[in-house]
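# Return atomic coordinates for the entry below.
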Amino acid sequence: MDPRLNRYLDDEYLSDSGKKKYGSVEIWRNASGRLPLMEELVKSGARRIILAPHTDCKAKEYMYNTLRQEVSESHMDQIVSQASGLVKGKDFSTREEFDKLVNEEEETFLRGKVANAGIEVVLRVVDISKITVPAHAMEEKMLVISSETGATSEGIAARAGVSSPCCYIIQGPYLKELSPDINLALGLGITRLDIITESSRPFR
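You can find the predicted model right below:
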């Protein structure tokens, strides 16, 4: 949901050149690459899932700091709890090691869940330092939640009446599964929240 990835994801997966590379694409954006409903992914008809976490992730920084403080599981939110389960019993001493470990464990977990459906899983970490990021990205503390998984960030922002695609975006068809992501976003100081859905694809 990081605004710095908006233009990159649009260009890589939803532009004409992106469609030529990947075919029909849906994008699900959430906090920290948190894994969505496995059953729904299997039923989706997808042939390939590209798991695309990114460097300098504020959600992972929050997860790392929380786990380093040794917070009891009963006080962890759902996103930190998931990360805790993935890295339990594994060694990491730096933030970089933690991020790499979480990314790899998410990939392994996802592969196991969709293996019987014949879905390929690819881990593609986006290096923020190597992509074009608008100078004003992350300045607007707005969050847009959309069920339009085939829509660009620019289109979603325009439908919300936002002047630029630099808002935080949570994108996916299952609104009931997004509360942990919304809670984390609100912790970033979000001042405006918009929910967008098409009648052809309402939230479920």
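# can you pull out the helices in this structure?
6-9, 16-22, 38-43, 58-68, 78-87, 95-114, 153-159, 179-186 (DSSP state H).
# Quick one: low-confidence residue ranges for the chain.
32-38, 70-76, 198-204 (pLDDT under 70).
# Please tell me how far the most centrally placed residue in it sits from P180.
By CA atoms, centre = their mean, the chain has its centre lying nearest to N30, at 3.1 Å. The gap separating N30 from P180 is 8 Å, by CB to CB, to the nearest Å. The C-beta positions use only the backbone N, C-alpha and C, and glycine is treated the same way.
# what's the answer for V87, then?
Taking CB to CB as the measure, V87 and P180 are separated by 17 Å.
# Ok, R29 next?
Distance of R29 to P180, given as CB to CB: 14 Å.
# of these two, who's got more company?
Per other CB atoms under 10 Å, whichever of R29 and P180 has more neighbours is R29, with 23 against 18.
# doesn't L178 make contact with the more buried one?
No. Under the criterion of CB atoms under 8 Å, R29 is not in contact with L178, lying 10.1 Å apart.
# Can you get me a residue count around G23?
Counted with other CB under 10 Å, G23 comes out at 9.
# residues in contact with R47?
Contact analysis of R47 by CB atoms under 8 Å, 6 or more residues apart in numbering lists 118-120.
# Kindly report the same for L101.
Counted by CB under 8 Å, 6+ apart, L101 has contacts 86-87, 90, 92.
# One more pass at 10 Å, please.
The contact partners of L101, by CB atoms under 10 Å, 6 or more residues apart in numbering, come to 83, 86-87, 90-92.
# for A158, same thing?
So A158 contacts 151-152, 164-165 (CB under 10 Å, 6+ apart).
# Closest one to L143 out of those residues, please.
P165 (13.1 Å; CB to CB).
# Could you report the separation of that closest one from L41?
26 Å.
# quick one: which of those two has more around it?
P165 (23 against 19).
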